[in-house]
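Undergrad: Sequence below, structure please.
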Amino acid sequence: MSKALPLSLGAAGAGGVGLGAAGLYHLNNGSQTPEVTFSTKYDKALISFNSDDAIWTSKLSALETQSSIPKNQNLIKAKNEKKSGNEDTAKASLKAGCKEIYAKSVDDKEAFSDFKNFCSKHYSNLIGSSQLITSDSDLNNKWDTFKGKTDANLSGEFLKIHTDKKGSQTEPQDWKQLVFAECQKLSSSIFEGEVKGYQEFCTKQ
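TA: I've put the predicted structure just below:
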């Protein structure tokens, strides 16, 4: 019968996100098999408990306004506290819930929903003072700039769009729609590392 074995690996994540354990290990037929936690798989997306206050504020606002009910009990508590006007206690409850979620297995589907929506950095949280573009018209007059990029300047879907369209002698009619769709997708996605082209083409001053 399998027994859970705690393995302390120190603090997980950067910027003060300390969990005391980076993962759980289970004994299966005499061998140790690692169970991947949110703190290990999504280490770049962890929100620091010691800073990142603006991000915590935005997550708390999302928690208050979203109609869906979180699964984690501390997040439910935070949602109710925020609606009652108790901002500081709500934020403390949110952090407590996220700390619990960071230590859970990524296979936990209920925890994943809470993690994605309320406990992780999204690409849109990391644009500094810039603003997200709101329509493909924000990409007007940027075709020459986009076309002139090299493979080293772009990654992911932006690189694919560039590869498909750069040979066109005139501005393709759909390149803006394709780039804007990818911008929207990334903006609400868990941050997993730089996507080259996102900051330049998905934001504006």
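Undergrad: Show me which residues of stretch 195-205 are buried.
TA: Residues 195-198, 201-203 are the ones in stretch 195-205 that count as buried (16 or more other Cβ atoms under 10 Å). The C-beta positions use only the backbone N, C-alpha and C, and glycine is treated the same way.
Undergrad: go on, stretch 143-152?
TA: For stretch 143-152, a neighbour-count test (16+ other Cβ under 10 Å) marks 143, 146, 149 as buried.
Undergrad: sorry, back to before: sitting in helices, which of the buried residues of stretch 195-205 do you find?
TA: 198, 201-202 (DSSP state H).
Undergrad: Tabulate these in TSV, adding columns for pLDDT.
TA: Listed next are those as TSV, based on pLDDT from 0 to 100:
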residue	pLDDT
Tyr198	98
Phe201	98
Cys202	99
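Undergrad: Any chance of those residues in TSV with distance to Ile55 as columns?
TA: Below are these laid out as TSV (distance: Cβ to Cβ, whole Å):
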residue	distance to Ile55
Tyr198	17
Phe201	23
Cys202	18
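Undergrad: where's Gln169 relative to Asp52, distance?
TA: 46 Å (Cβ to Cβ, to the nearest Å).
Undergrad: out of those two, which sits in the busier spot?
TA: Neighbours per residue (other Cβ atoms under 10 Å) separate Gln169 from Asp52, with Asp52 holding more: 18 against 5.
Undergrad: Tell me which two of the buried residues of stretch 195-205 sit farthest apart.
TA: Greatest spacing in the buried residues of stretch 195-205, by Cβ to Cβ: Lys196 and Thr203 (13.5 Å).
Undergrad: Can you name the element that comes right after the helix ranked longest in the chain?
TA: Longest helix of the chain, by residue count under DSSP H: helix 87-102. With elements assigned by DSSP states H and E, the helix or strand that comes after helix 87-102 is helix 109-114.
Undergrad: For that following helix, which residues meet the burial criterion?
TA: 111-112, 114.
Undergrad: try stretch 132-139
TA: For stretch 132-139, the buried set under the neighbour-count rule, 16+ other Cβ under 10 Å, comprises 133, 136, 138-139.
Undergrad: Ok, stretch 38-48 next?
TA: 38-40, 42-43, 45-48.
Undergrad: got it, and stretch 169-186?
TA: Across stretch 169-186, burial judged by 16+ other Cβ under 10 Å covers 172, 175-176, 178-180, 182-184, 186.
Undergrad: again with stretch 57-69
TA: 58-60, 63.
Undergrad: same thing with stretch 154-164?
TA: Those buried within stretch 154-164 under the rule 16+ other Cβ under 10 Å are 154, 157-159, 161-162.
Undergrad: pLDDT (mean, whole number) over it?
TA: The pLDDT scores in stretch 154-164 average 98.
Undergrad: got a list of contacts for that stretch?
TA: With contacts defined as Cβ atoms under 8 Å, 6 or more residues apart in numbering, stretch 154-164 is touched by 146-147, 149, 151, 175, 178-179, 182, 185, 194-198, 201.
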